[in-house]
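Enquirer: have a look at this prediction, sequence included:
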Amino acid sequence: MKVLLVPNYSRPDASDGARRVEDWLAQRGIGAVWAPDKKIYPQSKVDLTDVFLVVSLGGDGTLLRAARIVEYAEIPIVGISYGHLGFLTSGGPEELIETVDAAVNGRMHASRRATLDIEATFSRPDGSTKLERGFALNDFSLTHGTRGDMINFDISVSGHHIDVLRGDGFVVSTATGSTGYALSAGGPIVTPEFHGMICVPVAPHSIRARAFLTASSDVVELTIDDDRHPERLFFVDGQPLGIDEPGLTGERVRVRRGPGDIILLDRSIKSFYQSVSRVFYGGSRQ
């Protein structure tokens with residue numbers, strides 16, 4: 001059995017923490033595997049054979065990287081915060097070994113977080129198309145390009161037409177991602193127990209456009225109106241989609257709940273609300 005260590009390599013204290021965890025695991029006969037530094041080895045894959053736990057050491061961005069490595073395999077992830085926010089993490093470096101010990105020995109609460117399965121269609125300059133798939137724990141986002149053009153796009157949910165919108169973009173978020181881009185675009189904070197999707201227009205050119213929630217079984221489809229050839233970009237958890245081949249233009253995307261959840265380990269079922277209080281409402285006031 002092995003534990004996968006995913007440190008933020010740009011923070012020496014996070015790497016030092018990972019070495020401490022590796023030593024602690026070795027004393028108990030448990031192997032450790034290190035995720036490679038994505039800045040040096042961006043295309044490297046991680047072998048998850050025999051991995052029963054993932055330890056993320058960094059901020060929320062590092063935990064999202066750990067989630068992208070695990071995807072739908074449902075291997076539990078525990079996060080140690082070395083970042084600025086730490087909304088998704090379970091403790092700080094002062095609780096490092098205590099937290100890892102609790103995770104290894106099954107003494108932490110498991111929070112099942114819905115994921116997204118993204119299917120994006122791109123057109124090539126020669127008129128052919130390419131299909132790309134993406135994974136997200138937080139969100140899929142459609143945004144305008146460097147020219148700042150507004151985008152016209154059609155929205156439908158499970159085959160039911162919703163509207164044709166014009167604006168800066170659109171966010172399809174999980175409950176976990178509701179405190180990220182979706183929140184900054186005007187969406188609600190949503191409990192992780194909700195397994196549908198949160199759909200939020202970004203700066204829509206209409207006072208009537210509002211955020212809405214879907215069922216967990218729904219499929220959200222966005223189709224770009226290309227009459228004015230606007231620049232547009234697709235992102236999954238803040239990572240660009242469709243940049244591996246020059247000249248690709250995003251035309252359509254379908255977003256549905258992923259076939260597996262991310263399992264985040266935390267202190268208790270109250271952890272989400274404690275984090276909401278701490279990050280968004282001042283935290284210490286009673």
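Expert: Structure's in. What do you need? Residues are numbered from 1 along each chain as shown.

Enquirer: going by C-alpha atoms from here, please, whenever you check contacts or count neighbours.
Expert: Noted.

Enquirer: can you pull the buried residues of the longest strand along the chain?
Expert: As assigned by DSSP state E, the longest strand anywhere in the chain is strand 160-173. Buried residues in strand 160-173, counted by 16 or more other C-alpha atoms under 10 Å: 165-173.

Enquirer: cool, stretch 247-254 as well?
Expert: Buried, per 16+ other C-alpha under 10 Å, within stretch 247-254: 248-254.

Enquirer: export those residues to a markdown table and tack on pLDDT, distance to residue 13 and secondary structure?
Expert: Listed next are the buried residues of stretch 247-254 as a markdown table, based on pLDDT from 0 to 100; distance: C-alpha to C-alpha, whole Å; DSSP: H, G, I helix; E, B strand; the rest coil:
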| residue | pLDDT | distance to residue 13 | secondary structure |
| --- | --- | --- | --- |
| 248 | 94 | 40 | coil |
| 249 | 94 | 41 | strand |
| 250 | 95 | 40 | strand |
| 251 | 96 | 43 | strand |
| 252 | 97 | 42 | strand |
| 253 | 98 | 40 | strand |
| 254 | 98 | 40 | strand |
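
Enquirer: okay, these in JSON lines with distance to residue 119 next?
Expert: Shown next, in JSON lines, are these (distance: C-alpha to C-alpha, whole Å):
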{"residue": "248", "distance to residue 119": "15"}
{"residue": "249", "distance to residue 119": "14"}
{"residue": "250", "distance to residue 119": "11"}
{"residue": "251", "distance to residue 119": "11"}
{"residue": "252", "distance to residue 119": "8"}
{"residue": "253", "distance to residue 119": "6"}
{"residue": "254", "distance to residue 119": "5"}
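
Enquirer: list just the nearest of the residues you listed to residue 106.
Expert: residue 254 (36.5 Å; C-alpha to C-alpha).

Enquirer: if I pick the closest one, what's in contact with it?
Expert: Going by C-alpha atoms under 8 Å, 6 or more residues apart in numbering, residue 254 touches 118-120, 219-222.

Enquirer: related to what we said a few turns ago, widest-spaced pair of the buried residues of strand 160-173?
Expert: 166 and 173, at 19.3 Å, using C-alpha to C-alpha across the buried residues of strand 160-173.

Enquirer: before we move on, the earlier item: between the contacts of residue 254, which sits nearest residue 1?
Expert: Of those, the one sitting nearest to residue 1 (C-alpha to C-alpha) turns out to be residue 118, at 31.5 Å.

Enquirer: separation between the closest one and residue 136?
Expert: 8 Å (C-alpha to C-alpha, to the nearest Å).

Enquirer: which of the two has more neighbours?
Expert: A count of neighbours by other C-alpha atoms under 10 Å puts residue 136 above the other of residue 118 and residue 136, at 28 against 24.

Enquirer: list the beta-bridge partners for the more buried one.
Expert: When bridges are called by DSSP bridges, residue 136 pairs up with residue 116.

Enquirer: per-residue pLDDT, it?
Expert: We have a pLDDT of 98 for residue 136.

Enquirer: what's near enough to touch it?
Expert: Going by C-alpha under 8 Å, 6+ apart, residue 136 touches 68, 115-118, 236-237.

Enquirer: check these and tell me the two furthest apart.
Expert: Pairwise distances across the contacts of residue 136 peak at 13.0 Å for 68 and 118 (criterion: C-alpha to C-alpha).

Enquirer: related to what we said a few turns ago, okay, now the sheet partners of the longest strand of the chain, with direction.
Expert: strand 139-144 (antiparallel), strand 151-157 (antiparallel), strand 198-204 (antiparallel).

Enquirer: where does residue 22 land in three-state SS?
Expert: Three-state call for residue 22 (DSSP: H, G, I helix; E, B strand; the rest coil): helix.

Enquirer: look at residue 278 and report its pLDDT.
Expert: The per-residue pLDDT reported for residue 278 equals 81.

Enquirer: residue 125 versus that one, what's the distance?
Expert: 49 Å.

Enquirer: more neighbours: the two, which one.
Expert: Neighbour comparison, residue 278 and residue 125: the larger count goes to residue 278, with 15 against 10 (by other C-alpha under 10 Å).
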